[in-house]
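S.K.: sequence unknown, structure follows:
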């Protein structure tokens, strides 16, 4: 059995007008096409759906049984067409922790205010988690804190970010200008391996130190902020992550000596080469987060 939506549409229209002639006019089909579609539907079901009374078609018990189900199917089809006509499919994003926790919330709030009914799914993990999810097509797009060189993925610059070395207000490092030697002997509290922030800190900062003292590795930025605040060491995170603490004075930026100066990095968006970027996704990415 291969019942078509067109056959159900013809059936419903004939029921409303009691005539294949009027139904053909409403559907912009020939009368013969309407009659053929109705005959095919009745043939597949093995019953007559209408009683022929003169030139009129009067629905019978079989037609009444089919009608509500046919209407429900046609309404669901219309909903599907409308959903994709407006490109309202769910967006599936995966962001590294700094981006997901400190950059995307403002973007999501603005996006939700303007598009309150569009479904959106956000997962947060470290950069390697994001890359794996994009490779496996589990998400539409990933946002990470460093470039990705996997050949099956397209990596594009998204935002610029600044990293800050910071300490508790009472840290000895704040009593005099920091040097490479003093930074090397300070206890460092850093993100775990696999984190985009850790990769950039290793490359931009720690590679300039003759040695460095690892106090501990922690899996999220909030834990690092609290550990530094309690005098357990110094760290380096995005300025966006510690902006509130710097403003309140509970954490203090350590000015860096040459040749370190300002630590800048680029945040990237990644997607699979075979992934189509929908209009809804491009619309979301057009929102620019605050610096």
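M.R.: Received it, and whenever you're ready, just let me know what you need. Quick caveat, the model's predicted, so the values are computed rather than measured.
S.K.: Tell me the gap between whichever strand or helix holds residue 241 and the middle of its chain.
M.R.: Following DSSP states H and E, one finds residue 241 within helix 239-248. Helix 239-248 has its C-alpha centroid displaced from the chain centroid by 26 Å (CA atoms, centre = their mean, to the nearest Å).
S.K.: Which SSE is immediately downstream of it?
M.R.: Defined by DSSP H and E, the subsequent element after helix 239-248 is strand 252-253.
S.K.: which helices and strands does that next one pack with?
M.R.: strand 153-167 (3 or more CB pairs under 8 Å, 6 or more residues apart in numbering; DSSP states H and E). Where C-beta positions appear, they are placed from N, C-alpha and C, glycine not excepted.
S.K.: Now with 10 Å, please.
M.R.: Taking 3 or more CB pairs under 10 Å, 6 or more residues apart in numbering; DSSP states H and E as contact, the helices and strands that strand 252-253 lies on are strand 153-167, helix 239-248.
S.K.: what comes into contact with whichever strand or helix holds residue 105?
M.R.: Using DSSP H and E, residue 105 sits within helix 104-114. Residues from elsewhere that reach helix 104-114 (CB atoms under 10 Å, 6 or more residues apart in numbering): 91, 93, 95, 98-100, 118, 120, 122, 124, 143, 283-290.
S.K.: From those, list the buried ones, please.
M.R.: For the contacts of helix 104-114, a neighbour count by 16 or more other CB atoms under 10 Å gives the buried set as 91, 93, 95, 98-100, 118, 124, 143, 284-285, 289.
S.K.: so which of those residues comes closest to residue 23?
M.R.: Comparing the buried ones among the contacts of helix 104-114 against residue 23 with CB to CB places residue 118 closest, at 36.9 Å.
S.K.: Where do the domain boundaries of the protein fall?
M.R.: 5-85, 94-158+273-285, 159-266 (automatic domain parsing).
S.K.: Using CSV, lay out those together with mean pLDDT.
M.R.: Formatted as CSV, the domains of the chain follow (pLDDT from 0 to 100):
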stretch, mean pLDDT
domain 5-85, 90
domain 94-158+273-285, 88
domain 159-266, 92
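S.K.: what's the most buried one of the helices and strands packed on strand 252-253?
M.R.: strand 153-167 (a mean of 18; mean count of other CB atoms under 10 Å).
S.K.: now residue 148, what's its secondary structure?
M.R.: Following DSSP: H, G, I helix; E, B strand; the rest coil, we place residue 148 in the coil state.
S.K.: measure it to residue 2 for me?
M.R.: Per CB to CB, to the nearest Å, residue 148 is found 46 Å from residue 2.
S.K.: okay, these two: which has more neighbours?
M.R.: Higher neighbour count among residue 148 and residue 2: residue 148, with 19 against 6, using other CB atoms under 10 Å.
S.K.: can you map out the strands along the stretch 151-291 of the chain?
M.R.: Along the stretch 151-291 of the chain, the stretches classed as strands by DSSP state E, counting those that start in this stretch are 153-167, 187-191, 213-218, 235-238, 252-253, 263-272.
S.K.: should've said the stretch 1-150 of the chain
M.R.: 50-53, 56-59, 91-96, 120-125, 141-144.
S.K.: just checking, what packs against the second one?
M.R.: When contacts are defined as 3+ CB pairs under 10 Å, 6+ apart, strand 56-59 packs onto helix 5-17, strand 50-53, helix 61-85.
S.K.: Format these as JSON lines; extra columns: distance to residue 159 and mean neighbour count.
M.R.: Formatted as JSON lines, those follow (distance: least, CB to CB, whole Å; neighbours: other CB atoms under 10 Å):
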{"stretch": "helix 5-17", "distance to residue 159": "45", "mean neighbour count": "20"}
{"stretch": "strand 50-53", "distance to residue 159": "64", "mean neighbour count": "12"}
{"stretch": "helix 61-85", "distance to residue 159": "30", "mean neighbour count": "13"}
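S.K.: export the ones you listed to CSV and tack on distance to residue 152?
M.R.: Output for the helices and strands packed on strand 56-59, formatted as CSV (distance: least, CB to CB, whole Å):
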stretch, distance to residue 152
helix 5-17, 38
strand 50-53, 57
helix 61-85, 26
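S.K.: Quick one: closest of these to residue 196.
M.R.: helix 61-85 (34.0 Å).
S.K.: Let's check: the centremost residue of this structure is which one?
M.R.: The residue lying closest to the centre of the chain (CA atoms, centre = their mean) is residue 93, at 2.3 Å.
S.K.: Buried ones in stretch 102-109, by neighbour count?
M.R.: Those would be 102-104, 107-108, for stretch 102-109 by 16+ other CB under 10 Å.
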